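# Pasting the sequence and the predicted coordinates here, then a few questions.
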Amino acid sequence: MELIDLVLQGIKKFVQSQKIPFKSGFNLIFGGNESGKSTLFNCLQELLFPTQSIEEGWVSWKGAEQSRAGLTFKQGETFYRVLKDFSQNRISLSRKTAEVDKFERLSTEPTEIVSILAEELNLPGYEDYKTLFLESRLWLPSHTGIEPPKPVPSKEKASAQPPLGNLGGTNVPGFGLPGYPGMAPPGYGYPGMPMAPGFSGPGYMGMPGMPGMPVMPGAPGMGAPGYMGMPGLGMPGGEMLGEDDGMSWEEKEKRLEKLKAELGRVKEVEELHFELDGYQAKVFELQKEKEKVLSIDKELKELEEGLSKYRFFINLPENIDQRITQYNSLESNRAKELEGIDEKMADLDAELRALEAEPKFFQRLTFKIGLGLLAVGILGIIVSSFLELKWVSTLGILIAPALILLGIALWQFLTQEGKKSELRENLKRLEEQRRRVIKEYEVKGALVKKLLEKTDCSDTEELGEMLNNYRELEARRDELSRKKKELFLELDWERLNKEEAELKGKISELEAKLKKFAGIGLDINEMRREIETLERSLERARQLGLIGKKEEEKVSGLVVEPGKTQVVSALDRSGLVFWERIFDSGARLLELELEQLWSQTLSRANLYLQALSGRRYLEINKREGKIFIRMSEVEKELELSEAGTKSFDLVFFSLKFALLELVLQKYPLPMILDDPYVLLDENSALAVGKILKRLSANSQVVLFSSQRLFAREASQALALS
């Protein structure tokens, strides 16, 4: 047998639908205090053993619409599912085989469900399963003590006994009570029960008279209506059989007829509810598939909300990091750069001024000398032509040097003007560069300054951290968007939506049908119990002649097939200490004598004890109904009660692990554990983890624990939020 998954909704703190998957091997369900570990542990028990009242108050206190749980498990290729509605106290068992690809209902009767599971899964009774395959920290010897409980005084014990009678069961041998399946108290003589001879009174059937005792009349009216579970303990002449419900026999017969008529309608409602549960389970599975995408959508929405706070970071220049880094030194850099430009401009301006301060072209000496020589030369030529003075004509030779001087003067002038033009161009270029630098620094500073104002950051370091956060959110958004696209293709999103819409349509149709049965009580088990009570009461009345005999009618749905109901007598194990209880269950399941079982497991138990105690304890011995342990530090043995409460648990775990090695070979059933190892030190807990991993090779192990260290050995580790 292997657990597949547990789905629950509206169960205590689990308000929303939760699915706990299980794998073969060692499963660790980790959670802190108040995380729901014990709720899951008890819920598994309630679903596997529906006749046991494990806990009360299952319905969530947070106002959930429904309170239900479903457990799916398998045996070989056959799958089983137990669904229970805790708010309406309804339960059903369904099965899916390899031949039929859907779950088909087997029963809605808790007793019959237990019987089916026992027959098809080889599931033992609850007490044996609890003793060997379940464990809780509240059941350990360190918590309950190792001494057997003191016997309860007779009056209290009698009051604590369960009601007599076991509906639908079989008589315990030697206690015959026709019409009353189960047990009848000794001393009340009814047909089929051997009586103690000599104890009788007239009017009590089957009891011979006591010698010497006067015969009494029939004692009319001696009814005994007050025994729950033993209705009809009335004597001839009594007016009440069973509970005093105030109804006459005719009213009871009419009530019985009405209940039988309504039973079919209630079963129809049950079938509708079963079909509805199936559709809702499929919707739940589809929603779980879609939840992968929906969870991404939810996170994307949260990311978009987070990114909206950083909208001023959108479309920033690529060098924004450099700008933020350089912002603090921006003014000094600007001043330095402008200072260099200004120095160059000042030099050029001084040079230009120096050039402009020089004489103009016609004011230059070379120009004046050249001009003078030119004038003398020209004048000498003119005069010599009129006066025919040859020596005067020789002055014409001055024209050549005059022209040279004038050319030099012109060249100097032109060179100076070119230099001034070049200086003016350089000054203009430097002025433009100066304006560009001022504008560039204004732009750089303005952007960072604007970001500082919008983000309310005190400095550039804080602004840089905020920018990094924005980039991380943006990268996460891009990654999730990519994953969402991949999931859309993988899950076939349109198909999922179409299937969900079809299923919800069917659910709406079923809910509309159920509204027609709104006035019917939906607890079919309660109705069946009332029918059985009325039939027993009426049958007893007919036997006593209080009403006329009537041909028995067969009630549909009340006939239990042979072998479908398993009745196990309750064993009184209250006087057993912890090692006697586990070996009592082990011997019964393995069909061995206690001493034989003890001898087969003791050597393995000693090895487990040494591993769990770090070889502080070496050996377990049992003498005269007591457990002794031998310690490594001392030569003598100590009685377990003298060794301390921690030793109680170590011995208990060692014996149980050794016994489970044998039991799991015949009964490979899931071990379900509710944090029983919480008090062990780290080394002992690590040893337990290795032991559980080894045991999980033969059977599934489900450990609810507050200790993460078991994850080292677990096949699957889940965390409860």
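Alright, I've got the coordinates. If you're wondering where the values come from, they're calculated on a predicted model, not measured in any experiment.

# buried residues in stretch 697-715?
Using 16 or more other C-beta atoms under 10 Å as the burial criterion, the residues of stretch 697-715 that qualify are 699-707, 710-711, 713-714. Every C-beta, even on glycine, is put in place using the N, C-alpha and C of the backbone.

# and if you look at stretch 58-76?
When neighbours are counted by 16+ other C-beta under 10 Å, the buried residues of stretch 58-76 are found to be 58-60, 64, 67-75.

# With stretch 650-660 instead?
Along stretch 650-660, these residues count as buried under the neighbour rule (16+ other C-beta under 10 Å): 650-660.

# and what of stretch 499-517?
Buried residues in stretch 499-517, counting neighbours by 16+ other C-beta under 10 Å, are found at 499-500, 503, 507, 510, 514.

# Among the buried residues of stretch 58-76, which one sits closest to residue 276?
For residue 276, the closest of those turns out to be residue 68, at 11.2 Å, with distances computed as C-beta to C-beta.

# neighbours of the closest residue to that closest one other than its chain neighbours, just the number please.
Counting by C-beta to C-beta, 6 or more residues apart in numbering, residue 68 lies nearest to residue 85, which is 4.6 Å off, once chain neighbours are set aside. When neighbours are defined as other C-beta atoms under 10 Å, residue 85 has 18 of them.

# Would you mind naming the residues that bridge with residue 85?
Note on residue 85: beta-bridge partners residue 68, residue 90, judged by DSSP bridges.

# residues in contact with stretch 425-445?
Stretch 425-445 is contacted from outside by 323, 326-327, 330-331, 333-334, 337-338, 341-342, 344-345, 348-349, 352, using C-beta atoms under 8 Å, 6 or more residues apart in numbering.

# can you check stretch 45-55 too?
Counting contacts by C-beta under 8 Å, 6+ apart, the residues outside stretch 45-55 that touch it are 6, 42, 58, 69-71, 82, 84, 91, 110-111, 113-114, 117, 123, 126, 129-130, 134, 672.

# just how off-centre is it within its chain?
Averaging C-alpha positions (C-alpha atoms, centre = their mean, to the nearest Å) puts stretch 45-55 22 Å from its chain's average.

# can I have that stretch written out in PDB, keeping just the CAs?
Extracted in PDB, the C-alpha atoms of stretch 45-55 (Å, rounded to 0.1, in the frame of the first residue of the first chain):
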ATOM      1  CA  GLN A  45      -5.900   8.400  10.500                       C
ATOM      2  CA  GLU A  46      -9.500   9.600  10.200                       C
ATOM      3  CA  LEU A  47      -9.600   8.800   6.500                       C
ATOM      4  CA  LEU A  48      -7.900   5.400   6.800                       C
ATOM      5  CA  PHE A  49     -10.000   4.300   9.800                       C
ATOM      6  CA  PRO A  50     -13.400   6.100   9.400                       C
ATOM      7  CA  THR A  51     -15.000   4.300  12.400                       C
ATOM      8  CA  GLN A  52     -12.400   5.900  14.700                       C
ATOM      9  CA  SER A  53     -13.100   9.300  16.200                       C
ATOM     10  CA  ILE A  54      -9.600  10.600  16.100                       C
ATOM     11  CA  GLU A  55     -10.300  14.200  16.800                       C
END
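
# Just the buried residues of that stretch, please?
Buried-residue list, stretch 45-55, by 16+ other C-beta under 10 Å: 45-50, 52, 54.

# Same check on stretch 598-610?
By 16+ other C-beta under 10 Å, the buried positions in stretch 598-610 come out as 598, 600-602, 604-606, 608-610.

# what's that stretch in contact with?
Around stretch 598-610, the neighbours that count as contacts under C-beta under 8 Å, 6+ apart are 583, 586, 592, 617-620, 622, 629, 650-651, 653-655, 657-659, 661-662, 691.
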